[in-house]
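> Next input, structure requested:
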Amino acid sequence: MAARKPPAWIPDRPDPRGAPPARLGELLVGAETFMAQKTGAAIPREEWRRLVGPKIANRTRVGRLYRGVLTVYVATSAWSSELSFLRQELVAKLRAQGREITDLKFLVDQIETHGVKRPRSFKGPAPLAELPAELVVRLQQIDDPNLRAAIAQAARHSLSKPK
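Numbering: from 1, shown residues only. Coordinates of the predicted model:
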């Protein structure tokens with residue numbers, strides 16, 4: 001009976017009977033390629049980083065290649081717009097590396113940004129401030145109730161401190 005080769009990513013697994021161990025570099029390259037295949041990425045992460053640079057790589061994730069169109073997941077719609085302007089340049093870089101890519105498709109997805117600070121979320125408007133007594137007295141001198149209310153509202157917003 002022939003020995004069945006295990007479906008692993010280790011290139012040429014060493015013989016368990018005293019053969020020299022596999023080199024770490026070979027294992028890591030094999031692991032990166034294996035993970036790209038398992039996740040459906042057409043290009044391994046580090047190769048993508050070398051091709052597009054760290055700024056773009058930190059905000060994107062490579063998806064599948066289907067009929068020459070590479071799907072690239074981006075962190076935000078702003079990045080999708082920005083990268084669409086760079087589409088031709090990125091396709092040219094990928095083709096120069098021997099990739100059979102004719103176009104890129106950008107999809108917004110949750111991307112783990114590596115080392116990039118995300119903007120703080122909007123916490124809502126600040127609570128409205130109380131008006132000083134002398135301003136309340138002056139507002140009472142305005143005859144038009146709509147104008148008086150609008151000025152009071154504007155003053156409360158102006159005096160409020162942001163969160």
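> you'd agree G63 is in a helix?
No. Counting by DSSP: H, G, I helix; E, B strand; the rest coil, one finds G63 to be strand, located in no helix.
> Let me see the ranges of the helices in this protein.
24-39, 45-52, 54-57, 77-85, 87-96, 133-139, 145-159 (DSSP state H).
> Give the buried residues for stretch 135-151.
Neighbour counts over stretch 135-151 (16 or more other C-beta atoms under 10 Å) mark I151 as buried. Where C-beta positions appear, they are placed from N, C-alpha and C, glycine not excepted.
> now swap in stretch 73-81 and tell me
Buried residues in stretch 73-81 (16+ other C-beta under 10 Å): Y73, V74, A75, W79, S80.
> Export the residues you listed as a markdown table, with columns for pLDDT and distance to D144.
A markdown table is the format used below for the buried residues of stretch 73-81 (pLDDT from 0 to 100; distance: C-beta to C-beta, whole Å):
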| residue | pLDDT | distance to D144 |
| --- | --- | --- |
| Y73 | 86 | 55 |
| V74 | 87 | 51 |
| A75 | 85 | 50 |
| W79 | 86 | 49 |
| S80 | 85 | 49 |
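> need those in JSON lines with distance to R64, can you?
Shown next, in JSON lines, are the buried residues of stretch 73-81 (distance: C-beta to C-beta, whole Å):
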{"residue": "Y73", "distance to R64": "10"}
{"residue": "V74", "distance to R64": "15"}
{"residue": "A75", "distance to R64": "19"}
{"residue": "W79", "distance to R64": "19"}
{"residue": "S80", "distance to R64": "17"}
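> Out of these, the closest to W48 would be?
Distance to W48 across the buried residues of stretch 73-81 (C-beta to C-beta) is lowest for Y73, with 11.4 Å.
> Export the helices of the chain as TSV, with columns for distance to L107.
Listed next are the helices of the chain as TSV, based on distance: least, C-beta to C-beta, whole Å:
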stretch	distance to L107
helix 24-39	15
helix 45-52	15
helix 54-57	15
helix 77-85	8
helix 87-96	14
helix 133-139	52
helix 145-159	39
